[in-house]
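**Q** got a predicted structure here, sequence first:
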Amino acid sequence: RPGIPDSIIGRFEAKLQRLSPGYAPRSARELVHWVEERLLVPEAEWRELVSAIERDLDTDVGPLLSEAATRLVRVTLGGPAVVAIQALPRLARALERKPAELDPRSAAPGIEVPAIPSLAAKTEGPQADLEQLVAEWSRFFGPYSPARLEVVFGLEPERAEEILKTLAETETVVVDRLRVGDEAPVEMCDAENLERLLRLVRARSRPSFETLPLDELPVFLASHQGVGAGPSEAEDLRRRLDRLLLYPAPAKLWETEILPARLDPYYPEWMDALFQETEIAWQGCGVRRACFLFPADRELLGRLQSKTEKGGSSGDGSREEEATLGELFVDPAGRYGFEELLGDGAESAALAERLWEWAWRGKVSNTTFAALRRGISFGFKVPPEAAPKPASRPGRRRRFDRWQSSRPFAGDWFRMPEIGAPADELEAEELAKERVRVLLDRYGVLFRELLAREAPALRWARIFRSLRLMELSGEVLSGHFFANIPGPQFATRTAVRKLSEGLSQDRVVWMSALDPASPCGLGLDAWKGRFPARTASNHLVFHGSRPVVLSRGGGARLEIEAAADHPDLSRYFEFLKVRLTRRVEAQHAIDVESINGRAAADSAYVEALSTLFAVTREGSSLRLRRRY
């Protein structure tokens, strides 16, 4: 095998031990979990970790360390080290010592030693396997001297040699001259880590990737997600939704903004057919927010908390709600039409309101997207102008007809199954990796700020550990793919290859500020104040990497970065045309108040707009209508 350079080993260990920029724990809870995962952090490495936290957070970490210290202790083995309280009994059993003999002390000055059960006696339980504990500890290092086992764990040389022999015979570790150079010492290394290091050595011979300007990010995301892909067919809807599974967007935006930006044209009938022909479903994920998913993917979204659950003191209310759901949905796996759920003496409006409340919390859903579409049309409420039918109709039928246009009548309603906790840590890790794959499929490149708009289970803090493991296994790559993004970035090999080949600068795309591909609201310093706020009424148009139109207030205020006689203006104004002609919730007119800070009626762009729309002057404003 080739020798491994010290520089590669250093970078590898920095990421393994979360010392690399952007990798350090960011909260007390995360720090405690990390120390618990490490099993034992020698004093010198603990200081390095604290320095890394200070560097990444760029603030006083005293409060964070004090909070973490309530669940950490310093112990004395071969030398001082930091251990999580939960790991202390196992460590004591492995070393065949009493916990008190490890001399546990406060992990931070001024913090009392936490209460440790059975501190004075050996912890009950089976004898821990010291070889297994050393093997787990070794996973956070590259090659190291076998003598280090004596120093860290306080072992006799004979015992350390015995452990090394056992781990080598089971091929858990490799013992050899592993570094570059004829005079390299004989060292031990975790077998999986050695494979990863050799992969890094091979990767070093490949051409290096040149970091792209941040301005290239929007056009990359748009291209990756199929925004502005051109003429489309029904089958394209499946491909576009594949990239958007589990994304929590305002329900109204799916058919008015997000899908029309990716499909030209978009027909709601395509969505209705997709729900009939496949197992795709929609689920509420917050008030008036919904995502698309398949039943098998629901556990990836995680369990949504209700208001009472967040409060933590309304257990009776939660039980009452479950009882009500059980009365309505007698068969938990059944499908019920609205009329079936509407019992004698019930009001359609009250039932519809309750169903939507449950839907936003992920407790119920409907077999059709048409139900959601109808709810959007009426604001998920009974319209006040709904008139009662003649009294000659029977009571129940009269109520049913009275609210027919305002309630979710299409399709059948059903209970969403409860999501249980993972069976073990292995299953939890596999779920986390699947979430990473969903996100990589959506974006191609991942970084902390980009995931702030995702559901809680798919945000950075929940998937970062899995990203690190997948990076080390070679499934994803890390690097500086786009400039001016703080912290680590991860990407698929396909995305890196696409970035290396270059992005088209002729593509014109438009998107809502709330689109998954939108740069609005990312909180990056390099873009501060450059794009509109991340609200539903704002839009952006890009020509390649250049923002050419910024629209605020539903088109009321336009900023156009192109001359009034630019040949591509018709392409730049396509987003306005779509809003007037789309198949769902089309607008009757768009009022433009200002263009580039001047009254719209006095703008040089009036002529260009008049070729695309029926334009009338309304004082200093322009009213745009569809041209037939």
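**A** Ah, there it is.
**Q** spell out the secondary structure type for Gly521.
**A** Three-state assignment for Gly521 (DSSP: H, G, I helix; E, B strand; the rest coil): coil.
**Q** er, Met511 I mean
**A** Per three-state DSSP, Met511 ends up strand.
**Q** tell me the bridge partners for it.
**A** According to DSSP bridges, the residues that bridge with Met511 are Leu540.
**Q** tell me, how many residues neighbour it?
**A** By the criterion of other C-beta atoms under 10 Å, Met511 has 26 neighbours. (C-beta placed from N, C-alpha, C; glycine too.)
**Q** start the count at 30 instead of 1 going forward.
**A** Will do, 30 is the new start, and the previous item becomes Met540.
**Q** thought it was touching Ala565?
**A** No - judged on C-beta atoms under 8 Å, Met540 makes no contact with Ala565 at a distance of 11.9 Å.
**Q** which residues are in contact with both of the two?
**A** Counting by C-beta atoms under 8 Å, 6 or more residues apart in numbering, the common neighbours of Met540 and Ala565 are Glu286.
**Q** would you mind giving both backbone torsions of Leu380?
**A** Backbone geometry at Leu380, expressed as degrees, to the nearest 10, gives phi -70, psi -40.
**Q** so how far is Ala362 from it?
**A** 21 Å (C-beta to C-beta, to the nearest Å).
**Q** between these two, which one's more packed in?
**A** Neighbours per residue, other C-beta under 10 Å: of Leu380 and Ala362, the larger number sits with Leu380, 20 against 8.
**Q** just give the nearest non-adjacent residue to that one, would you?
**A** Spatial nearest neighbour of Leu380, chain neighbours left out: Leu371 (5.7 Å); criterion: C-beta to C-beta, 6 or more residues apart in numbering.
**Q** beyond the lowest-mean-pLDDT helix or strand in the chain, next helix or strand please.
**A** Across the helices and strands of the chain, mean pLDDT, DSSP states H and E gives its lowest value to helix 336-340, namely a mean of 43. Later in the chain than helix 336-340, the nearest helix or strand by DSSP states H and E is helix 344-357.
**Q** can you list the buried residues in that next one?
**A** Buried residues in helix 344-357, counting neighbours by 16 or more other C-beta atoms under 10 Å, are found at 350, 357.
**Q** do the same with stretch 598-618
**A** Of the residues in stretch 598-618, those buried (16+ other C-beta under 10 Å) are 598, 600-609, 611, 613, 616.
**Q** and stretch 188-201, by the same measure?
**A** Applying 16+ other C-beta under 10 Å to stretch 188-201 flags 189, 192-193, 195-197, 201 as buried.
**Q** ditto for stretch 159-169
**A** Applying a neighbour-count criterion of 16+ other C-beta under 10 Å, one finds 159-160, 162-169 buried in stretch 159-169.
**Q** equivalent analysis for stretch 225-242, please.
**A** Neighbour-count burial for stretch 225-242, counted by 16+ other C-beta under 10 Å, picks out 225-226, 229-230, 240-241.
**Q** what's the end-to-end length of stretch 66-80?
**A** End-to-end distance for stretch 66-80, by C-alpha to C-alpha, to the nearest Å: 19 Å.
**Q** give the rounded mean pLDDT of it.
**A** Stretch 66-80 comes out with an average pLDDT of 94.
**Q** ok now it, how far from the chain's centre?
**A** Its chain's average C-alpha position is 29 Å from that of stretch 66-80, according to C-alpha atoms, centre = their mean, to the nearest Å.
**Q** and the contacts of that stretch?
**A** 46-48, 53-54, 64, 90, 94, 103, 106, 108-112, 116, 120, 162, 165-166, 169, 181-182.
**Q** got it, and stretch 215-233?
**A** Stretch 215-233 is contacted from outside by 30-31, 33-34, 37-38, 41, 45, 164, 167-168, 170-175, 193, 196-197, 200-208, 501-503, using C-beta under 8 Å, 6+ apart.
**Q** starting at the chain centroid, how far to that stretch?
**A** Remark: stretch 215-233 is offset 30 Å from the chain centroid, using C-alpha atoms, centre = their mean.
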